[in-house]
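Student: Prediction below, plus the sequence it came from.
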Amino acid sequence: MDTTNTDILIQTRDDLITDFLRGNESGFLEKYTRILDEYFFTVFEKSISARKMTIAGSPFAVIALGGYGRKEQCIHSDIDLLILFEKTVPPEVEAFVQELLYPLWDARFEVGYAVRNIDECLDMAFERFDILTTVLDARFICGASLIYTGFMEKFRFELAGKHLKDTLNYLYKHGEKRHFDFGDSTYLIAPDIKSGFGGLRDYHTLLWYAKIKSDIKTRRDLEYYGFLSNFEYLSLEKSLADIWRIRNFLHYISKRKCDTLHFEYQTELAGLLGYWKTKRQPDVELFLGDLHTRMDFLKQINQITFEDILSSVRVKKGTMDSRPTKTDGLVIRKRRLHFANTVAILQKPDLLLKIFLESGQRKIPLSIEARRVVSEFLHLVDEDIKKNPACIKIFKKILSLSYWEFNVVNVMLATGILGKFIPEFSHLVNKIQYNHYHLFPVDKHSIRCLQIVNSFKEKNEGRTNSIYHAVFKEVRNKNVLFFAALLHDIGKSDPAKEHSKRGAKIARPILSRFGFNPTEIEDATFLIENHLSLVKTATRRDIFDEETAVYMANKVGKIRLLRMLYLLTVADSKATGPKAWNDWTENLLKDLFLKTMGILKRGELASRKARNLIDRKKADVLRLLKESWREDETNTVLDSMPRRYLVHIPALNIVDHINLYRNLGDREFIWQISKENESDIRTVSICGKDRPGIYSKIAGIFFLNDLDIVASQAYSLGEDHILDIFKVKPPRDKIFEREKWGKAEKDLINAILDDHFLDRALDKIPRTIQVSSGKTPEPNTIKIDNETSSFFTIIEVFTYDFKGLLFSITNALYRSRTNVNVAMVATKVDQVVDIFYVRSIDSDGKIETEPELEQIKHAILNSLPKITAKEMNNEEN
Amino acid sequence: MKKIEAVIKPFKLDDVKEALSEIGIYGMTVTEVNGYGRQKGHKEIYRGAEYVVDFVPKIKLEIVVSDERAEETVETVRNAANSGKIGDGKIFVLPVEQVIRVRTGETGTEAL
């Protein structure tokens, strides 16, 4: 068989690709375009059906559209063709399409085509934007060139005459939608180098805009027609060359038209592109870093294009002139900030900073020109400027003006002025963390984190945001938070080190340069050093355990720090990416924050006083147990003890309890009965396994054995033990005291085994009690506090003392399926205030619903005897 | 083959992973999930405003093992995830009809 045109096409294409892979990369896109052009040209020349149609009076043009039209053909780019007739489309065109395209389809080229006449084409172009843009890129290949030029003339005429404003509006809206759909693609794990923000489409948009406005023909015209400066044009060429090169390799290794830089491809691509860390290991981070720089430039280009479109669509005539700003030396022209003249900068170098303040406050971007001027005059930012209090104030103000939609700090980074003020920040630039978790290079992530903190100013972001807004409002020194946000990852300049600690160390001198006072510096460095601790604690410890919140509260220590740490944590997670931030993490963090805040506000367990007290006690206990126990053993037990216990129990007793716990072994419980000084009171310390209702059962057997409870405290010990302390009056019959205790102990064993063992004791509880205070007695009162603690429902019982009181109440609690975790029981004369911290046995949490709370309240009230006054009783008798 | 689905407390994940790797099970799918069973959601109050936490954050593990290993795997997960409290989670065991490794087309326990 003869060599067909398709064979030649495939051969030359493959040669071209081989050449490309060998490193001969320049001009690939145009060369490939030319090869395709040649194919179409040859087929057309030889085509009998084409000749027939021409002879029959239906000449036509073969036109390249889209990327092929722009001569930007990558390895697997689509080939878009338009076969254009002047008026009627003859049926013979079918045969021509077969000749022209079938071999290409068979050879697996992605070819799209349309056969239309001029009027159809015009109608469709102005109806559908995606068609309009392909027409903007239309390029004649072969056939009747007059049809092509005729069509283009009509198109331009109609575009300029009727559709200019609509088209520009469309371009603008389409761009907005694309950014919304694709997001900031530069920093996605798999950036889309075509459609994403910073992708090739941003350049296409500029090109289309220029074509619409000025009918430019090629990319080169962008500079000639003043859409870009020479500097910008050169940067654009460089960025495009790099991105196209990456795109070609991406097409090559994915074997298809793939514009998403999938995670799986990144290592291979880095190698192909010549990024090597070592001889064997490609440097993916460096590759991505360079890519981001290029895409960043396209983003800037896009921002300018959009601004231009906006001003040409919306701004009225007359605004072309310069308008002054309230800063002398800065003017606004075409909705951009400019320096009035560069000489002024030499006299007032603080303008280099003020332009960003103006920009942030008025939400007007710097002109590209102004950006370049800032970069070129950076040497003027000397120590005098950096130490000038007014400049420092401006710098701080700018940080509070950084938003996602209008990112003035990013522009400061790009122009180099941020690095001038914080040289340490420069080490973070384009530092990529190559993994699935981090989307942004560290510098962009840090700025994003700052933006998100700023977004908490607004109340609008739905329900969940309201808590951030509420907390943000309470942060008094916001500059501390802003700096902590910007600098929280400053330690990442050295990946080997633990970045939080290192970051705090690096941040210290920066903060002091910015004139923060020692307290502020302590706060900010604390935040930087601990910026991961909330997340770590929320995900790695049981947040339903009060001790977790107490631990966190003690670590943070201050309410103002907790507020800032929470906001920093949220912003940091949000700025990292969707793996780090979702509903799940949000819920965990919010919960831990609120619980920790609860502990800090009450102070009981997390005040400095409490901390000192506990430290002292721990030291005492360690000393007292030095002889008999190893220090680490003692520490383990101490760590399992709740803070509430450590705050309230004296060191000597703690020692007793630790010994009890060690001697417990496999038994259900053991107790120790001690006589206090000369008083007539026995202290019973009971250590045992945590069984539902155990506290009530102990109270019950004391009652059963006529041992009067004067006071009591209940604690849990570690996960599954309890430690209860009862102060009781000894049995009246002192001679047989030992036997009495022995019986009580047996009863407790029975009560633990048999849930109804104590039922008979219930009958002995008095139905009424008489109060002889002379006044009208207070009625029994139950107060339920469900707000103070995140972990317990707190129940306070006010009543008068009677035998079996504690058993009666705690039994009612137990039968209502709650567990007493903490109890503080004390009697004053005959009035009693008992406080119980309870959790539901079923859900191991607070009692949340109203009916349940009501039920518990009634159960307790019913268990209490009726209070009557003695006098009234007499009268009745 | 059996699929073992375990819903556990988030902070127990490392323990469970470690325990499973000790018995030679390295592959699993881990998902962050929200839900509630007997351990219900709750309310928190901050400056007078109520913040309801409807669901309790949990971790879901999915492991597919041969029939013989199922019991041992379940026991291992159970022991490692147990804190003796409510909300420790649940383990579901489901029959699996077939497993196919996408790359090679291997099937059955070969593909595990």
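Tutor: Perfect, I can see it now.

Student: Nearest residue to the residue in chain B that chain A sits nearest to in space, please, no chain neighbours.
Tutor: Nearest to chain A in chain B, going by C-beta to the nearest C-beta, is residue B:86, at a distance of 3.5 Å. Glycine gets a C-beta too; all of them are placed from N, C-alpha and C. Nearest non-adjacent residue to residue B:86, counting by C-beta to C-beta, 6 or more residues apart in numbering or on different chains: residue A:844, 3.5 Å away.

Student: Tell me if I'm right that that neighbour and residue A:542 touch.
Tutor: No. At 10.6 Å, residue A:844 and residue A:542 do not qualify as touching, with contact defined as C-beta atoms under 8 Å.

Student: Let's verify residue 83: helix, strand, or coil?
Tutor: If you meant another chain, say so; for now it's chain A. When classified by DSSP: H, G, I helix; E, B strand; the rest coil, residue A:83 comes out as strand.

Student: wait, I meant chain B there
Tutor: coil.

Student: OK, contacts around it?
Tutor: By C-beta atoms under 8 Å, 6 or more residues apart in numbering or on different chains, the residues touching residue B:83 are A:542, A:719, B:9, B:12.

Student: quick one on the thing from earlier: which SS state does the residue nearest to residue B:86 fall under?
Tutor: Judged by three-state DSSP, the three-state class of residue A:844 is coil.

Student: Please name the residues that touch it.
Tutor: Residue A:844 sits next to A:544, B:39, B:85-87 when contact means C-beta under 8 Å, 6+ apart.

Student: Longest helix in chain A, by number of residues?
Tutor: helix A:284-314 (DSSP state H).

Student: Let me see the mean pLDDT of it.
Tutor: For helix A:284-314, the mean per-residue pLDDT is 80.

Student: Stretch A:751-759 now?
Tutor: Regarding stretch A:751-759, the rounded mean pLDDT is 91.

Student: and it, how far apart are its ends?
Tutor: By C-alpha to C-alpha, to the nearest Å, the extent of stretch A:751-759 from end to end equals 10 Å.

Student: What residues sit buried inside that stretch?
Tutor: A:751-752, A:757-758 (16 or more other C-beta atoms under 10 Å in any protein chain shown).

Student: Can you give me the pLDDT of the closest residue to chain B within chain A?
Tutor: Residue nearest to chain B within chain A: residue A:844 (3.5 Å; C-beta to the nearest C-beta). pLDDT, the model's per-residue confidence, is 78 for residue A:844.

Student: Which residues are in contact with the most centrally placed residue in chain A?
Tutor: With distances taken as C-alpha atoms, centre = their mean, residue A:574 lies nearest the centre of chain A, 1.4 Å away. Residues near residue A:574 by C-beta under 8 Å, 6+ apart: A:449, A:452, A:580-581.

Student: Surely it is within a helix?
Tutor: Yes. Counting by three-state DSSP, residue A:574 is located in a helix.

Student: Return the distance of residue A:17 relative to residue B:26.
Tutor: Distance from residue A:17 to residue B:26, counting by C-beta to C-beta, to the nearest Å: 41 Å.

Student: again with residue B:42
Tutor: On the measure of C-beta to C-beta, residue B:42 and residue B:26 end up 36 Å apart.

Student: Please apply the same query to residue A:256.
Tutor: In terms of C-beta to C-beta, residue A:256 sits 33 Å off from residue B:26.

Student: The two: who's more crowded?
Tutor: More neighbours surround residue A:256 than the other of residue A:256 and residue B:26, with 12 against 8 (other C-beta atoms under 10 Å in any protein chain shown).

Student: If you drop the residues flanking it in sequence, what lies closest to the more buried one?
Tutor: Sequence neighbours aside, residue A:76 is the residue nearest to residue A:256 in space, at 5.5 Å (criterion: C-beta to C-beta, 6+ apart).
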